[in-house]
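Engineer: pasting the sequence and the predicted coordinates here, then a few questions.
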Amino acid sequence: MNEHLLNHRSRKDHAAALAAATAEVGRYLDGRTTPRSSASPAHLAAQTAAVDLSTPLGTLDKAMVEVRGLYLDHAVGYHHPRYLSHLNCPVTIPALAAETLATSVNTAVETWDQGTSACLIEQKLVDWVADLIEFDRPAQVTPDGVFTTGGSQSNLQGLFTAREDRLARPGPGGTTPADRCARLSRLRIVTGEHAHLSVVKAARLLGLAPDAVIILPGDGDRMDPATLDRALASVADAGDEVAAVVALAGTTDHGAIDPLREVGLVCRRHDVWLHVDAAYGGGLLVSPTRRDLLDGIGLADSVTVDFHKTFFLPVAASALLLRDRSGFRHSTVSADYLNPADGDDHAVDKSLQTTRRFDALKLWMTLRVLGADGIGRMLDDAIDVARRIGRTIDSEPDLELVRRPALSTVLFRPRPEACDPDESDALVRPVRDALFAEGRSVVAATVVDGRPCLKLTILDPELSDQDVAAVLADVREAARYLADGMRQATTAAVLS
């Protein structure tokens, strides 16, 4: 069995395995005419259940054939021009080369004696992103950050750091563990109505009260600074404390960006931690034309950026950036087996994880090949595509544009001839489900202002007008068919 381990004696086998995997990817790319197969969940579940994991296949060739039938033939193709559903991006080829290097070497970046040069590369990138954010800070304060698995983990650690920062300050009551628990129950997180679900999850994991997250109504899709100002004053008047305000730089559904500078100034007046969730909109940091949409992000105390969204990297690659690196002291726990005497800058001291992949190499390779402007131009192109789609939908009588695109999401409803609003709403989920089951086009569904709508998420800068026209044609066809069916069913019910 040892011959399957990677070492200098198995280099030829390693090369053959990578070549076989590359060939399968090529087959996947060339052979996929739709973004997903039309296989039913029951069929796929039966296929998977039939595999006897206690009996190995013995060869990579046989395993590859099995994986082709179980996985690749049915995997949703984010690269496909008719996949317009979630925040999944096509990925850069340099990043895929980096994945091969990092995975084959199997570097772990938690400590210097494990990561060495990889730790330096990651830190260089952390400093680079912090410079892009341009944190507003005193000269003696140094920003820092750490790579994470995604926006949810980044948000969790950002809010954990905010919680600990607040509890480290003087507050009501004493300093005993009981006093800390009492303060914990009175901590609040204030955010807008379109905050990511990870904010509520983080509050639960951090031991805050069930009603700890205060959701503010927005000014349209964005947080209203005046409403925030009143809310922070109200929390203080009630004898509670605000652990953090969470502002959004790219809401999941709308792509809306809160007025970060105004929100930041309100937080400064109230001496409250500001966390900016830029998981979606963080790619604007390298946009040649739209960087100003993040005006004021430097007023944040912590920022989440997902590189596996608008930097076009494979999952997973995210980062949490702190305005003041001393905040990471709250995440630090020492252990002799991690050789703390080797130095004070172990990455594990900043991370919620111990063993951690060298995901930073994907960003490094992409940045060194494309450059920051090259990455930003791809995002700009995707946003331009979304805005063209918005104008197209707005001009079509059988489609209803719900929001003009703020970033690269397009919200709309099908509106077949003679459909009233209730009928149009009733079509949304069935249209989405019908398209997904058929597999020709994949779109998302969500709820905006209490009404369902379809969502196109555009992260492919090469998406053509013809590709989009095909997806919208599929939406129209499904909507007409389903609307006719609903009318026939209603007529039959009345006649009976």
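Structural biologist: Received it, and whenever you're ready, just let me know what you need.

Engineer: so which elements touch the strand or helix carrying residue 370?
Structural biologist: Secondary structure assignment for residue 370, by DSSP states H and E: helix 360-394. Helix 360-394 sits against helix 93-105, helix 117-133, helix 307-310, strand 399-403, strand 409-414, helix 465-495, with contacts defined as 3 or more CB pairs under 8 Å, 6 or more residues apart in numbering; DSSP states H and E. All C-beta spots, glycine's among them, are computed from the backbone N, C-alpha and C.

Engineer: buried deepest among these, which one?
Structural biologist: Mean neighbour count (mean count of other CB atoms under 10 Å) peaks for helix 307-310 among these, with a mean of 28.

Engineer: after that one comes which helix or strand?
Structural biologist: strand 318-322.

Engineer: now do that next one against helix 117-133, angle only.
Structural biologist: Computed by axes from the mean of the first three to the mean of the last three CA atoms, to 10 degrees, the angle separating strand 318-322 from helix 117-133 equals 60 degrees.

Engineer: hmm, who's touching strand 318-322?
Structural biologist: For strand 318-322, the surrounding residues in contact (CB atoms under 8 Å, 6 or more residues apart in numbering) are 126, 129-130, 133, 135, 143-151, 153-154, 157-158, 161, 279, 301-308, 328.

Engineer: sheet partners, orientation included, of it?
Structural biologist: Strand pairing for strand 318-322, using DSSP bridges, gives strand 144-148 (antiparallel), strand 302-306 (antiparallel).

Engineer: so which of those is the most surrounded?
Structural biologist: Mean neighbour counts for those (mean count of other CB under 10 Å) peak at strand 302-306, with a mean of 30.

Engineer: can you tell me what sits against it?
Structural biologist: Here strand 302-306 makes contact (CB under 8 Å, 6+ apart) with 129, 133, 150-151, 154-155, 158, 161-162, 273-280, 282, 285, 297, 317-323, 327.

Engineer: stretch 91-111 too?
Structural biologist: Under the contact criterion CB under 8 Å, 6+ apart, stretch 91-111 has outside partners 6, 14, 18, 79, 114-115, 118-119, 122, 147, 312-314, 338-339, 342, 346-348, 351, 353-366, 368-370.

Engineer: kindly report the same for stretch 369-384.
Structural biologist: For stretch 369-384, using CB under 8 Å, 6+ apart, the contacting residues are 92, 94, 283-291, 310-312, 366-367, 405, 407-408, 458-463.

Engineer: nearest residue to residue 241 in space, please, no chain neighbours.
Structural biologist: Distances taken as CB to CB, 6 or more residues apart in numbering put residue 187 closest to residue 241, at 5.5 Å, once the chain neighbours are dropped.

Engineer: what's the burial count for the closest residue to residue 346 other than its chain neighbours?
Structural biologist: Among residues not flanking residue 346 along the chain, residue 111 sits closest, at 4.8 Å (CB to CB, 6+ apart). As a burial measure, residue 111 scores 21 neighbours (other CB atoms under 10 Å).

Engineer: need the pLDDT of residue 111.
Structural biologist: Predicted confidence (pLDDT) for residue 111: 83.

Engineer: and residue 325, by the same measure?
Structural biologist: 95.

Engineer: just residue 95 next, same as before
Structural biologist: On the pLDDT scale, residue 95 gets 97.

Engineer: can you tell me how far it sits from residue 369?
Structural biologist: Residue 95 is 9 Å from residue 369, where distance means CB to CB, to the nearest Å.

Engineer: next: residue 431.
Structural biologist: 40 Å.

Engineer: more crowded one of those two?
Structural biologist: residue 431 (26 against 15).

Engineer: got the contact list for the closest residue to that one other than its chain neighbours?
Structural biologist: Spatial nearest neighbour of residue 431, chain neighbours left out: residue 478 (4.7 Å); criterion: CB to CB, 6+ apart. If a contact means CB under 8 Å, 6+ apart, then residue 478 has 414, 430, 431, 434, 435 as its contacts.

Engineer: what's the neighbour count on residue 223?
Structural biologist: Counted with other CB under 10 Å, residue 223 comes out at 30.
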